[in-house]
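Participant: got a predicted model here, sequence first, then my questions.
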Amino acid sequence: QVQLVESGGGSVQAGGSLRLSCAASRYTYCMAWFRQAPGKEREGIAVFDPAGTTTYADSVKGRFTISMDDAKKTLYLQMNSLKPEDAAMYYCGADPLFRRCRPVGNDYRYWGQGTQVTVSS
């Protein structure tokens with residue numbers, strides 16, 4: 001079992017920044033950030049693999065940065081230049097299996113409780 005606890009969400013104005021954190025109870029193989037807005041499907045937005053390779057959805061590329069502090073077993077998502085369309089519940093996911101890390105929700109066995117991000121225009 002892996003417990004994931006997200007934090008760092010909040011309300012910001014468009015153009016602002018937030019940093020989300022996801023503390024894991026133990027190491028896993030792939031970790032990623034997903035988001036889901038009301039009435040929309042869950043979207044995989046950033047993936048971090050054990051080699052440090054990162055993958056981003058086009059919607060956040062150049063604005064968001066995913067990173068990992070191995071010592072703290074904590075995954076981060078730095079979000080800059082936030083837009084109203086970034087408003088959503090943000091979740092981190094952990095995949096313990098040895099396979100290619102993808103931004104596909106079904107690949108991730110463990111999930112945090114989510115943290116809400118609100119962006120006002």
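Facilitator: Nice, I can see it.

Participant: give me phi/psi at the closest residue to residue 4 other than its chain neighbours?
Facilitator: Once flanking residues are discounted, residue 4 sits nearest to residue 112: 3.7 Å by Cβ to Cβ, 6 or more residues apart in numbering. Heads up, the C-betas are built off the backbone N, CA and C, glycines and all. Backbone dihedrals for residue 112, given as degrees, to the nearest 10, come out at phi -80, psi -180.

Participant: quick one: pLDDT of residue 112?
Facilitator: For residue 112, the model assigns a pLDDT of 97.

Participant: quick check, it in contact with residue 92.
Facilitator: Yes - using Cβ atoms under 8 Å, residue 112 is in contact with residue 92, at 4.9 Å.

Participant: mutual contacts of those two, please.
Facilitator: 4, 6, 22 (Cβ atoms under 8 Å, 6 or more residues apart in numbering).

Participant: and which of those is nearest to residue 56?
Facilitator: residue 22 (16.3 Å; Cβ to Cβ).

Participant: for the closest residue to that closest one other than its chain neighbours, list each beta-bridge partner.
Facilitator: Closest residue to residue 22 apart from its sequence neighbours, by Cβ to Cβ, 6+ apart: residue 92 at 3.4 Å. When assigned by DSSP bridges, residue 92 has beta-bridge partners residue 33.

Participant: before we move on, back to that, for the residue nearest to residue 4, give its distance to residue 38.
Facilitator: 19 Å (Cβ to Cβ, to the nearest Å).

Participant: more neighbours: which of the two?
Facilitator: For residue 112 and residue 38, the more surrounded residue by other Cβ atoms under 10 Å is residue 112, and the numbers stand at 24 against 7.

Participant: list the contacts for that one?
Facilitator: Counted by Cβ under 8 Å, 6+ apart, residue 112 has contacts 4-6, 22, 91-93.

Participant: what do you get if the cut-off is 7 Å, keeping everything else the same?
Facilitator: Shown in contact with residue 112 (Cβ atoms under 7 Å, 6 or more residues apart in numbering): 4-6, 22, 91-92.
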